[in-house]
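**Q** Sequence first, predicted coordinates after that:
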Amino acid sequence: MEIEQALFSDLPEISVLQKLAFYDVGVYYRNFKLRPFLTSLEDFEKSFLEYLYLKATVGDRIVGSARAKMNNDKCKVENIIVHPAHQRKGIGKLLVTEIMNLLPEAQVFELFTGKKTTGNVAFYEGLGFSIVREVAETETEPVLVYMEKWR
């Protein structure tokens, strides 16, 4: 398995992977109007130059991805996704760790996840993130918790 910077040509596969990776979340919340399901390939393409996109590959298949965007000394980490058949193998941890390694200028890393997806919350807490605030539910988002990790 390799972690490397994603190419623009990887975006169609990453777009499909995101929907697959979030399928269980959609089932859990009984809501397939969540942002990961509504994000189009065009949305990914428009954001490509603004973000550092990483991919995790096994052979020639993308099995995970994450993206990050710097804003002053804060790094916003988003779309940490892993193919369901490859979850719980450390790929998500490697993606987040690689973002932190590639962006040494970041003093704080921020991400969000669904409050009720306690496995995700615990995963990020295991990486050193702490909950800093909660955001109310909307049509396209469940109740979210924002988490931060300081260097």
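**A** Noted; the coordinates are in hand.
**Q** and residue 77, how many residues sit next to it?
**A** Per other C-beta atoms under 10 Å, the neighbour tally for residue 77 reads 25. C-beta coordinates here come from the backbone N, C-alpha and C atoms, glycine included.
**Q** Disregarding flanking residues, what is the spatial nearest neighbour of it?
**A** In space, and not counting its chain neighbours, residue 77 is closest to residue 111: 4.3 Å by C-beta to C-beta, 6 or more residues apart in numbering.
**Q** Which of the helices or strands spans the one you found?
**A** strand 108-114 (DSSP states H and E).
**Q** Pull out the buried positions in that strand.
**A** Using 16 or more other C-beta atoms under 10 Å as the burial criterion, the residues of strand 108-114 that qualify are 109-114.
**Q** Using JSON lines, lay out those together with pLDDT and distance to residue 22.
**A** What follows is the buried residues of strand 108-114, written out as JSON lines (pLDDT from 0 to 100; distance: C-beta to C-beta, whole Å):
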{"residue": "109", "pLDDT": "98", "distance to residue 22": "21"}
{"residue": "110", "pLDDT": "98", "distance to residue 22": "20"}
{"residue": "111", "pLDDT": "98", "distance to residue 22": "15"}
{"residue": "112", "pLDDT": "96", "distance to residue 22": "14"}
{"residue": "113", "pLDDT": "95", "distance to residue 22": "11"}
{"residue": "114", "pLDDT": "94", "distance to residue 22": "10"}
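**Q** before we move on, back to that, next one: the strand holding residue 111 to chain centre, how far?
**A** Taking the mean C-alpha point of strand 108-114 and that of its whole chain, the gap between them comes to 9 Å (C-alpha atoms, centre = their mean, to the nearest Å).
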